[in-house]
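In: Requesting a structural model of the entry that follows:
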Amino acid sequence: MKHALALCVVSISILIPLYTPAADSPWPMFRHDARHTGLSQNGGSLTGTLLWSYRTHENMVSSPSISSEGQIYVGGCGGLLNENHLYAFNSSGALSWSYSPGDSIYSSPAISSDGQLYVASWDGAVYAITSSGTLSQRYWAGGYIDSSPVIDSNGQVYVGSRDANLYALTSQLTLLWSYSTGGGIYISSPALGDGGVVYVGSTDHNLYAVNSNGALSWSYETIGDVVSSPAIDSDGQLFVGSSDDNNVYALASQGALLWSYLTDGPVRSSPALDSQGRVFVPSVDNIVYAISSSGTLYWSYSTRGPGWHSSPAIDSDGHVYMGSTDHNMYAINSTGSLLWSYSTGNCVYSCPAIGSYGKIYVGSADERLYAFYDPPTPTPTTTINYVNLAVNPTNVNLGAVVGISWSCDFSYWNYQGVPVDIYLAAIRSPRVVNVPSSIADALNAEEVYLFENGIKKAYRYTGKVKKPTWRNVKFPPTALSGTLNFVTPASSYYADDWVFATAFFRKDVPRPVRTDAPVEISNLFHLR
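Out: Got it, this is the predicted structure:
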């Protein structure tokens, strides 16, 4: 019995509506927007299922940014190869391009309205890079830069440097003005308020408000270094942490203290603000705090490591996403209980970014960029005579037993007992675990593998279908269900593959069967 290639393509194409990304709602800069609220209009992942990860061989301390086309941009630093690239990925986890500046990238890229990228490096330069990965302009500051650039509505770029200066640059990276603080601007990223006022923290213990012409409006002195990036709410109120006095500060737009909240450790990460006016911020005391708009504790959640620089992201439902030095990525619901956590191989200093379809992107010092999502629920075909396949769990160890549950109803078309062939297929892409955006992506890479009977071996699909995994499977004549069990391959060669099951109606049956009979595909599961 032979299956036509066209039939195979049709079967796999059922996945396309689930995994072909539309344009992601953008997360165009550090902390989502120029006010650094960390608040997304999208819902986030409720399950924390790994969609893909990409190993760069560089520490991923930088925080990702997402373009309106769904491209993910993030910087690398140090690591095994010490190559220090700015990376561009599509939402399926495939590398689009990389660009290497002169040194490590700790800051988050900022994306302009015309798609140009601005990113700073420890070589002391701000780079303007086109969306295709070529250098457009460069501006040299006087010291290391790990502050993330921010872009205003006119395309002007603002960034701080360890040389103690706040810089305002045109979109072509020519200097408009600079303002000198009394200490280095370490990590703190400028936030933009009403009237073009720029707010930034300094290691001289001050938060600065600088007017759009570069003149000082006011400053507020804390008792410790301000490496936290300020966040600004819709009323112009500012929220910022202090590194040595352990406080979170709330200030009016003119610099008056509204309240402060004392934690039990330095506050080096940046606050996030939800739609209810609540403030979310981790402390080095291993606790993430949710503080009301009046400065009282709403809830707190204890992690197993200090929150250094991974600042929270808030989704449209009020769920909080953040990383920790305990190597974990955390998702906390709006009332302060754990939704899920995922253990990476090293500290998570990167701040998560929220894309569309509940996708969460975050880097780890284990040299990987991670993407999390909620797997879609398989849906049956619109035709009544179908075989519905599903796999649970979705993360599977090599050599483990997996059950494919099935249900069927052939009675409408009077096809009781019509046999089907079932295939197990694995998808991989060179150097990256991903879900292809289309079957064409997979076929072009020639990285689709079909498992033969007994899962003893697999062959690479090159347009020819050979032996199915299960041949001539006959289901009962009524709407019943059951499970097909199999043992996954134990070889590490298959680690990080995505696997799914697909069923074909057989054509060599004693009575006529529609040649366009529906084909069902299961959800994917991940071999680990």
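In: How is the chain partitioned into domains?
Out: The chain is divided into the following domains under automatic domain parsing: 5-18+377-527, 31-373.
In: can you tell me which residues contact residue 129?
Out: Shown in contact with residue 129 (Cβ atoms under 8 Å, 6 or more residues apart in numbering): 86, 99, 116-119, 135-136. Where C-beta positions appear, they are placed from N, C-alpha and C, glycine not excepted.
In: most tightly surrounded among the domains of the chain?
Out: Greatest average neighbour count among those goes to domain 31-373 (a mean of 21), per mean count of other Cβ atoms under 10 Å.
In: Look up phi and psi at the residue nearest the centre of the chain.
Out: Of all residues in the chain, the one closest to the mean position by Cα atoms, centre = their mean is residue 361, 1.1 Å from it. Phi and psi for residue 361, reported as degrees, to the nearest 10, are phi -120, psi 130.
In: Wait, it touches residue 351, no?
Out: No. Using Cβ atoms under 8 Å, residue 361 makes no contact with residue 351, being 10.0 Å away.
In: Give me the pLDDT for the residue nearest to the centre of the chain.
Out: Note on residue 361: pLDDT of 97.
In: Just confirm residue 119 contacts residue 126, I think it does.
Out: Yes. Using Cβ under 8 Å, residue 119 is in contact with residue 126, at 7.5 Å.
In: still on that earlier bit, worst mean pLDDT among the domains of the chain?
Out: domain 5-18+377-527 (a mean of 54).
In: helices and strands around the helix or strand hosting residue 51, which ones?
Out: Residue 51 is part of strand 49-55, with elements assigned from DSSP states H and E. With contacts defined as 3 or more Cβ pairs under 8 Å, 6 or more residues apart in numbering; DSSP states H and E, strand 49-55 has these neighbours: strand 368-373.
In: sorry, back to before: for residue 424, see how far away the residue nearest to the centre of the chain is.
Out: Using Cβ to Cβ, to the nearest Å, we find residue 361 at a distance of 29 Å from residue 424.
In: and if you look at residue 46?
Out: Going from residue 46 to residue 424 by Cβ to Cβ gives 28 Å.
In: thinking again about what came up before, nearest spatial neighbour of the residue nearest to the centre of the chain, skipping sequence neighbours?
Out: Using Cβ to Cβ, 6 or more residues apart in numbering and skipping residues adjacent in sequence, the residue nearest residue 361 is residue 64, 4.4 Å away.
In: Surely the one you found touches residue 71?
Out: No. Using Cβ under 8 Å, residue 64 is not in contact with residue 71; the gap is 10.1 Å.
In: Going by residue numbers, what spans are helices in this structure?
Out: 5-12, 16-19, 439-445 (DSSP state H).
In: Residue 309 touches residue 188, doesn't it?
Out: No. In this structure, residue 309 is not within contact of residue 188 by Cβ under 8 Å, at 10.6 Å.
In: From what I see, residue 271 and residue 281 are in contact.
Out: Yes. Here residue 271 reaches residue 281: they are 4.3 Å apart, a contact under Cβ under 8 Å.
In: got any residues that touch both of these two?
Out: Residues touching both residue 271 and residue 281 (Cβ under 8 Å, 6+ apart) are 228, 239, 241, 248, 311.
In: roughly how far apart are the fourth one and residue 76?
Out: So that's residue 248. Taken as Cβ to Cβ, the span from residue 248 to residue 76 is 30 Å.
In: so the strand holding residue 51 versus strand 368-373, what angle?
Out: 160 degrees (axes from the mean of the first three to the mean of the last three Cα atoms, to 10 degrees).
In: OK, contacts around the spatially closest residue to residue 159 that is not a sequence neighbour?
Out: Spatial nearest neighbour of residue 159, excluding adjacent residues (Cβ to Cβ, 6+ apart): residue 149 at 4.3 Å. By Cβ under 8 Å, 6+ apart, residue 149 lies in contact with 29-30, 107, 109-110, 118-120, 126, 157-159, 189.
In: And residue 29, how close does it get to residue 86?
Out: On the measure of Cβ to Cβ, residue 29 and residue 86 end up 14 Å apart.
In: Over to residue 216?
Out: The value you get for residue 216 to residue 86, if Cβ to Cβ is used, is 33 Å.
In: and what of residue 240?
Out: Using Cβ to Cβ, residue 240 is found at 28 Å from residue 86.
In: again with residue 163
Out: 22 Å.
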